[in-house]
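Participant: sequence first, predicted model second:
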Amino acid sequence: MKLFIKYMVSNRCKMAVKEELKKLGLHFIVVDLGEVEIMEDISAAQRGELKLALLQSGLELVDDKRAILIEKIKNSIIEMIHQNDEKMTITFSNFLSCKLNHNYTYMANLFSEVQGTTIEQFIILHKVEHIKELIIYGELNITEIADKMNYSSVAHLSTQFKKVTGLTPSHFKKLKDRRRTPIEEIGNTKQDNTNFG
C-alpha cells in the first residue's frame, strides 16, 4: 500500500517516518521523499494515529489525488536540484513529465492553481537556495556553479540570484551571516511575494 506524505524533504524526515511506522507495527518496503510503500493495508485507526504522529514531526499524510500530485511535483524538483550531483542536462518540464507520467501543461496549471505560484518560480527558488549552499561550501567557483546548475551564463545566474535574494552571488559570499531557508519552507506559501519579473 502506498502512502503520500507532505513536507517530507530530507533524510531526517525519512527517518522520522520510519520510526512512526515501526511504532505502529507497520513494515515499510520503500520510504522515499513524499512517498512510502508499506506491506500491510492500513486500518482507519492506524491511519489516524500515523496522521497525528506525522503532524507532530511537521509532516502531513495526504489523501487528495491533486494534493498527492503536487507533492510528487515538489519532491521531484527537490530531488533534481538538491540531491543530484550531476550537471542538469534535461529540462524540468521533460523531467517532470517522464518521472510523473503526466502532461506538463496539466501539472503546471494544477500547481499554479493550488500553490498560487508557478512551477518555474518554485524551481527558481530551489535553484537559488542550492546556489547559496554551493557558495557556502566553496568547492566550486561561480562559473562552475552556473554550469552545474545549467544556466546559460554567469550573468543569467547572477541576475536570477539577485532577483530572489536582493544580493549578487559575490556579495552573498562575503556576508558573515549567510542565511539559508529550510527546504520544506521554500515556495510553500501563497504569500511568498518574491519578485521574478
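Facilitator: Nice, thanks for sending it over. Numbering: from 1, shown residues only.
Participant: C-alpha from now on. contacts and neighbour counts both.
Facilitator: OK.
Participant: what packs against the helix or strand encompassing residue 3?
Facilitator: Taking DSSP states H and E as the definition, one finds residue 3 inside strand 2-6. Applying 3 or more C-alpha pairs under 8 Å, 6 or more residues apart in numbering; DSSP states H and E, one finds that strand 2-6 makes contact with strand 35-38, strand 60-62, helix 65-82.
Participant: pull out the buried positions in the following helix or strand past it.
Facilitator: From strand 2-6 onward toward the C-terminus, using DSSP H and E, the following helix or strand is helix 11-23. By 16 or more other C-alpha atoms under 10 Å, the buried positions in helix 11-23 come out as 13, 14, 17, 18, 20, 21.
Participant: and the next helix or strand after helix 11-23, average pLDDT?
Facilitator: Proceeding N to C from helix 11-23, the next assigned helix or strand is strand 28-32, under DSSP H and E. Summarised as a single mean, pLDDT over strand 28-32 is 89.
Participant: in contact with the most centrally placed residue in the chain, which residues?
Facilitator: Nearest to the geometric centre of the chain sits residue 78, at 3.2 Å (C-alpha atoms, centre = their mean). The contact partners of residue 78, by C-alpha atoms under 8 Å, 6 or more residues apart in numbering, come to 9, 126, 183.
Participant: still on that earlier bit, of the buried residues of helix 11-23, which is the nearest to residue 155?
Facilitator: Comparing the buried residues of helix 11-23 against residue 155 with C-alpha to C-alpha picks out residue 13 as the nearest, at 35.6 Å.
Participant: quick one: low-confidence parts of the chain?
Facilitator: Counting by pLDDT under 70, the chain shows low-confidence ranges at 176-178, 180, 188-197.
Participant: got the domain ranges for it?
Facilitator: Structural domains annotated on the chain: 2-63, 68-185, as defined by automatic domain parsing.
Participant: so can I have JSON lines of the helices and strands packed on strand 2-6 showing distance to residue 138?
Facilitator: Listed next are those as JSON lines, based on distance: least, C-alpha to C-alpha, whole Å:
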{"stretch": "strand 35-38", "distance to residue 138": "33"}
{"stretch": "strand 60-62", "distance to residue 138": "35"}
{"stretch": "helix 65-82", "distance to residue 138": "16"}
